[in-house]
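Visitor: Requesting a structural model of the entry that follows:
(chains A and B)
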Amino acid sequence: MEDRQAVLVVGGGIGGVQAALDLADSGCQVYLVDRSPAIGGYMARLDKTFPTNDCSMCILSPKLVTCARHPNIRLLTITEVQSVTGEPGAFTVQLKRYARSVDLTRCTGCGDCLEKCPVRLPNEFEGGFSQRRAIYRLYAQAVPNAPAIDRANCLKFTRDRCGNCARVCKAGAINYEEKDEEITLSVSSIIIAPGSEVVSGAVRPEYGYGRYPNVVTSLEFERIMSASGPFGGHIQRPSDKKEPKKIAWIQCYGSRDRSIGREYCSSVCCMYATKEAVIAKEHSRQIEPAVFYMDMRAFGKDFDRYIERAERQYGVRFVHARVAEVREDPETRDLFLRYATEQGQRSERFHMVVLSCGFVPPEQVLILNRRLGLPLNSFSYPEADLWEPVRAGRNGIFLAGSGQGPKDIPETVVQASAAAVKALPGALNYDAVKIADVQTEVAPMVFTAPRIGVFVCHCGINIGGIVRVPEVVELARTLPGVVFAEENLYSCSADSLEKIKNRIKEYRLNRVVVASCSPRTHEPLFQATVAEAGLNPHLFAMTNIRDQCSWVHDDPDRATEKAKELVRMAVARVRRQEPLVSVRLPVTKAGLVIGGGIAGMASALALADAGFDVYLVEKEAELGGVARTLYRTIEGDDIQQRLEEMVRRVMEHQRIKVFTGTTVRQIDGFVGSYETTLSNNERIKHGVVILAIGARYRQPEEFFYGKSEQVRTQKELEEIIARTPERLRQVRSVVMIQCAGSRNEARPYCSRICCVEAIKNALALKEINPEMDVYILYRDIRTYGFKEDFYRRAREKGVIFIRYTPEQEPMVSFAGDRLQVEFFEPVLETTIKLTPELVVLSAGVVAQEGAGELGKMLKVPLHQDGFFLEAHAKLRPVDFATDGVFFAGLCHYPKFIDETIASAQAASARAVTVLSRDFVAAEPYQAVVNPQRCSACHMCENLCAYRAIEVKLVDERQGRYAAVVNPALCKGCGACAANCRSGAIDIKGFAGENIFRELTALFS
Amino acid sequence: MDGTVKTGSRTIYELAVPGSDPEATLKKVFAHWLEEKKLDAILVPAISKTGAVTRSLVSAPEKIMATAPLLPAMGINGAGIIAEIAPDPGAKSKIGVLLRPCELRAVVELVKLQQVSLDGIVLVGIDCPGTYKTAQFLQIAEGASDFNNNFIRNQDAYTSDSRLRHACQLCEFPAPLVFDIMFGFLGMNPDEELLVITAGEKGAVLLAPTFPVPLEPRQDEPAARVEFINKLRRAREEAIRTQIRELDERLLGAENVVRYFADCLNCHNCMKVCPVCYCRECFFESDALNRNQDEFVRFSRSKGMVRMPSGTLLFHITRMNHMMTSCVQCGICEDSCPVSIGLSVLFKKVSRNAQNAFGYLSGRALEEPLPLTTFREDEFTTIGEG
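Guide: So this is what the prediction gives:
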């Protein structure tokens, strides 16, 4: 039974981790397999992430640890898939688990063995800039935290000598005898998320990688910048450890390069190179970054703004040029870049060069694909259908992440969630499955004297490098109520968490303080740990001695003093803390999907296939949305035919109830129990909402559009091509203008799809009449990923691409009744006039009307461009900050059909994590009103963004009014409490009195 | 900052003053309102039988004669009394309240803070050249005949009397801003005429169908009055500037802020008499801030010695933080302070700065939302000391 409900996830990068978590949170048993000794993948190696500049490890690490701790997830590291047999619903998987030589159940992660290993090897994780031992931990925060022995280099295995690690291991965890293990699993479905490899630095010898030490790959540069990297976060060049002043990024290294057989665009390099340039500049204002690029492909949400900021605010120089060669000055080891701009040849000296390396499917993926018998596309990536973007070529097997094609983190996360909902076992019985819920029951707290335990974290050298942690621990031991205090190298590592649990039991602790990093990323983890040890998770306080102490101070004496004060305060706070219980709210096991386009239908189908009732509301008379007016994808799919199939599936699905010609009038309630009134006055009850209201093609106002029949949009051209191609047979010349009314001040974003639409139409025109002159005037051609291939084909077919800058926009005019286009040709450095019969505008995509209204109804925010705003740009791309509300498709940002469907399925996956439960737990940090103090001034009511507090008559006899909180809606944000002059409102867990206690500790 | 108000349906009249006795004229009007049942009662300043300055809620017309509508003394801010009388929107009776400009402004703030409902209240405003502290008034007026009338007859002299309450000497709003009906005399000869302005229906009904004193409609306020008020405001603005400058010098540096409040007894009088301090129970009177003996000792050890009573500065700063957007600078807090902490000028400065920052003026208009209840994306974009 249990096995039939299990899913195998191959690959422990962010994609695999997200898929595993979504499945596990839906009640599914998950096996998460990774070849490495630790999960985390590439994301663990990145320094920061664009466009928010969040620290990569900081946002990833909690997910990794949650994975490791999740009762429904079993981690299998250093493990490979050998074979898969059977059918969907009943696969048999053979795994080979290689010996770690370290017993995971015994290892405490203390690291003593690492110290004593005499072998020195280049540390691949750190780009070889530092060394590791033969027994090693992949990275400091590795999950699992236990090291592994690299048998190929270990003296014990190569020469039967040494044995140091076993000697020093106090836990007796080293096991040289461990054998590789064959594991057989029965699973219902399989998700493969193996990631990509970055291209080897040596593919283009003319750039000197390997020969010139100061030429590094982009991934190596991530480590160079990283605070946990080989240089401790100080940017320096490998040759002389000096800070470089001028750094050049060379784009498209190993991408868009036919000569090395990689014709596709790697999609992420423009953004990460810009990010690296910005972060480098943040490290040191002295650094002068320059990015050499072909097209700046900032096609994602807020990406153009990021580029703009990089240029304007950080002074990053963007050079539109192909670099021909890099040469080294052997004296200084500086590098000369020879490059060709539109204005001719240049040579320039740099101190360091970063190669923006593209993605390739790694050898292992190819092997995996062969073992699973999956068809590959011409780029050696697994083939996927646009309409089933996460389904592999074999039933029951799903794909996620960059192993399926180049993509960034949010798209990987989207695909991962989508794969999760598709992989949900058909036989999954939600009632029977166990869902991890650490805060189920709370034992009533019998008052006993506080017995506080304090754990002070080194965070590697992050804290310990400045703050003298042992001194802080000493101080903690003297504080009232503290019965135990100790230090941890990494408090968040799996072994430290285990240790904290043991200490709680051993010392009968009833309050816990962790002095470490940000509660934002780590508090839930520590709370869950405390809860697992039987304590109420709110009898816990965290204080941030890293971000707010060691990271911002460089005087160890004073930083140590400050850390002590912070710990003193946390102890004073926790002493008074009381156990909190989450209110449990029942879940109506149905979903409302608003919008019946491709996104809405895909969401509805995924949710319904997962076993939940769906109400699908569409304002038009028919399902289909904007896709009803589209004809072909650039890949050649017949959109109308596929759409028809989709509509039929939706209409025939027993679990989907469709309301066409209907809008949503009012939505009441909250996660788990919404009640919605439709425009036909029907009232429906549901537990989640998915917004899939799409977007609109913009009607242009520029370039005589609407005033002349000869000026059309790409969409109109597509319709002519599809319906009346004969009208185009006589046309001799067409000019297409990209970014018409886009990427400007009014709409400072890229609409993502227009370049491909233009090329699709240009190819079709060439098909109709190969003699036709087709010009595409563009700013950057953004045919990312495999779509780059169509750009190449268009050039081969003779479509003429001419670049323009916003300073020199093309001009459309009429010479008599002749349409005339005038533009500057940058290579010839001259203005050219054309008299085409047709001017076609790529006018962009704008946010849907009514988004704001729906947003207000559900209290979810809009992004400044009018699209909805996700909870987190990287890791929560289809979630809102408000629980129970998700969104999909173009109301997030312009997307292609496959991306739309993936995001729709992802939203459903996230929704299933709610609907699969019988109850959701409300926020334990709730506002509470003391009606005796409340003066009923209504200030709180005016300020509450969630409309969770209201002044009501509380005592009819005395006519007394006071504020009353709705626990289901309250998010515990504290706006009311902060503004309550009467001190009548407290946030549970943050009571004013406790905060005063904390301050008293500081000022006493 | 000016005192411009949304002038809904304001109507201006000139009121004759029979017998050249303005105070008696007002009493006559009030008695008439009670007789005609236009009001069930009216709150008017009065001198009690024992000679204390107080207010009376009069319902019997004949008792009006015992009141003193022009009494130039202020022991408390009348808004506090309104809060005591009128928290309930369901009142069936209707009372008039004769209030000075600063008192009216405080009522407006209390309305916005939902502490007062105006449903059964008619705001009767009156010009105010300034007031004395109670004891001071009794001393000045002792033996003088017809002092109240003389006070407004000699406006020029009295508006600049250095014996006026400190806050009154710094008052830039001598005329009511929000009212249902108001009586004015500034810049006019009160022996001949008084000004009556009604704002809206609630005030207008008080003038019809009968009125005990001749009433003539006017186009505008008398030019002399406008000029007088402007001149007075200019003079007082000058005084405000000078005193704030002196205050700034006195308060420079954290130690001087501490010194400013050093004499505080922690009696909380300032909070208790403040008309807009509206909490049912002051946080500072709760036990949230209590320390035990050991904590006091540790507190003392941190510096070797600490000032007792403790927490007074926190109290004042918190009160300032809570009240600065609604403060009408009536200065009753300073009058009530046993150790004469200079709260009037301090709150003048702090409230002005805070209210200016939000483009807000306390008590200016009922429609103006409280600063903290509104959000504009483009405000306060500078972070730190920009």
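
Visitor: just the residues of the stretch 201-350 of chain B that are near chain A, which are they?
Guide: For the stretch 201-350 of chain B, the contact set with chain A under CB under 8 Å from any CB of the partner chain comprises B:278-281, B:283, B:286, B:288-289, B:291, B:295, B:298-299, B:302, B:322. To be clear about C-beta, it is placed using only N, CA and C from the backbone, and glycine gets the same treatment.

Visitor: roughly how far apart are residue A:188 and residue A:397?
Guide: Counting by CB to CB, to the nearest Å, the gap from residue A:188 to residue A:397 is 11 Å.

Visitor: An error on my part: the question was meant for residue A:377.
Guide: 16 Å.

Visitor: Neighbour count for these two, which is higher?
Guide: Each of residue A:377 and residue A:397 has its neighbours counted (other CB atoms under 10 Å in any protein chain shown); residue A:397 has more, 25 against 16.

Visitor: So the more buried one sits against residue A:192, correct?
Guide: Yes - the pair residue A:397 / residue A:192 is scored as a contact, 6.7 Å apart, by CB atoms under 8 Å.

Visitor: and for the two, which residues touch both?
Guide: The contact sets of residue A:397 and residue A:192 overlap at A:372, A:374 (CB atoms under 8 Å, 6 or more residues apart in numbering or on different chains).

Visitor: Tell me which residues touch the spatially most central residue of chain B, please.
Guide: The structure's chain B has its C-alpha centroid closest to residue B:102; by CA atoms, centre = their mean the separation is 2.4 Å. Counting by CB under 8 Å, 6+ apart, residue B:102 makes contact with B:77, B:128, B:167, B:171, B:173, B:328-330, B:363.

Visitor: Next: residue A:262.
Guide: A:199, A:254-256, A:358, A:360, A:379.

Visitor: could those residues be laid out in TSV, adding neighbour count and distance to chain B?
Guide: Shown next, in TSV, are the contacts of residue A:262 (neighbours: other CB atoms under 10 Å in any protein chain shown; distance: CB to the nearest CB, whole Å):
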residue	neighbour count	distance to chain B
A:199	22	42
A:254	24	42
A:255	25	40
A:256	23	41
A:358	26	39
A:360	25	44
A:379	19	45
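
Visitor: Just the residues you listed: which are in strands?
Guide: Mapping those onto strands (DSSP state E) picks out residue A:360.

Visitor: list the contacts for residue 196?
Guide: By default, I'm working from chain A. Residue A:196 neighbours (CB under 8 Å, 6+ apart): A:359-362, A:365, A:402-403, A:406.

Visitor: oops, I was thinking of chain B
Guide: Residues near residue B:196 by CB under 8 Å, 6+ apart: B:12-15, B:181-184, B:207, B:215.

Visitor: Same question for residue A:711.
Guide: Counted by CB under 8 Å, 6+ apart, residue A:711 has contacts A:703-705, A:812, A:819, A:838-841.

Visitor: repeat for residue A:556
Guide: A:466-468.

Visitor: Could you identify which of these has the most neighbours?
Guide: Going by other CB under 10 Å, residue A:467 tops the contacts of residue A:556 with 29 neighbours.

Visitor: What values do phi and psi take at the nearest residue to that residue once chain neighbours are set aside?
Guide: Excluding the flanking residues, the one nearest residue A:467 by CB to CB, 6 or more residues apart in numbering or on different chains is residue A:563, at 4.6 Å. Note on residue A:563: backbone dihedrals following degrees, to the nearest 10 are phi -60, psi -40.

Visitor: what comes into contact with the lowest-mean-pLDDT helix or strand in chain B?
Guide: Using mean pLDDT, DSSP states H and E, the weakest-scoring helix or strand in chain B turns out to be helix B:293-303, at a mean of 81. By CB under 8 Å, 6+ apart, the list of residues contacting helix B:293-303 from outside reads A:1000, A:1003-1004, B:291, B:306, B:310.
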